[in-house]
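Peer 1: based on what follows, work out the 3D shape:
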Amino acid sequence: MRKFVLCMVLLLGALPARGVEPRERLADPALEARARTISGELRCLVCQNESIDESGADLAHDIRILVRERLTAGDTDAQTIQAVVNRYGAFVLLKPPVEPATYVLWFGPPALVMLGLAATGLWLHRRQVAPNETTPLSPDESRRLAGLLRDNEG
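Peer 2: Prediction:
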């Protein structure tokens, strides 16, 4: 029996922890579903690579509460998201909008890849075009080389 309990504890510990606590959930299933959808679009500012819906951080909890308060007050999904963005900035969005402030995020990585490909192509082109010929030795250099080879042999 002890082994069974230990196995169950280990298995339950391996399951991903959900951030939404039972006391946060709304009584209205439709509102709760909207809150979960919105929470899935908002970044945890502490964890940064997970949504507030998945995070157990205190700040994520506060944002989830704010989302539910706004929805309960009658805000639309867009108004609720905008309220969170107004309070925490556009970084809170997991998918930031394409606007001048986020151009680097959207277009920076593809631009770096293209720049790297162009540099590689230029390097390969120059490497192929470069002459593989050597310039012949001058008569003076030929005499010196012959003298060095004779001195080395003897």
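
Peer 1: Three-state assignment for the residue nearest the centre of the chain, please.
Peer 2: For the chain, Asn49 is the residue whose C-alpha lies nearest the centre (Cα atoms, centre = their mean; 7.7 Å). Using DSSP: H, G, I helix; E, B strand; the rest coil, the structure places Asn49 in coil.

Peer 1: next: the one 4 residues further on.
Peer 2: Asp53 carries the three-state label coil when classified by three-state DSSP.

Peer 1: and the gap between it and Leu93?
Peer 2: 14 Å (Cβ to Cβ, to the nearest Å). Every residue, glycine included, has its C-beta placed from N, CA and C.

Peer 1: ok, now Leu45?
Peer 2: Applying Cβ to Cβ, one obtains 11 Å for the distance of Leu45 from Leu93.

Peer 1: so what's the residue nearest to the residue nearest to the centre of the chain when sequence neighbours are not counted up against?
Peer 2: Excluding the flanking residues, the one nearest Asn49 by Cβ to Cβ, 6 or more residues apart in numbering is Arg43, at 7.9 Å. Shown in contact with Arg43 (Cβ atoms under 8 Å, 6 or more residues apart in numbering): Asn49, Glu50, Ser51, Ile52, Phe91, Val92, Leu93, Leu94.

Peer 1: before we move on, what about Glu32?
Peer 2: Contacts of Glu32 (Cβ under 8 Å, 6+ apart): Arg25, Leu26.

Peer 1: so where's the protein shaky on pLDDT?
Peer 2: The chain contains residues with pLDDT under 70 at 1-23, 129-133, 154.

Peer 1: outline the domain layout of it.
Peer 2: 15-92, 100-153 (automatic domain parsing).
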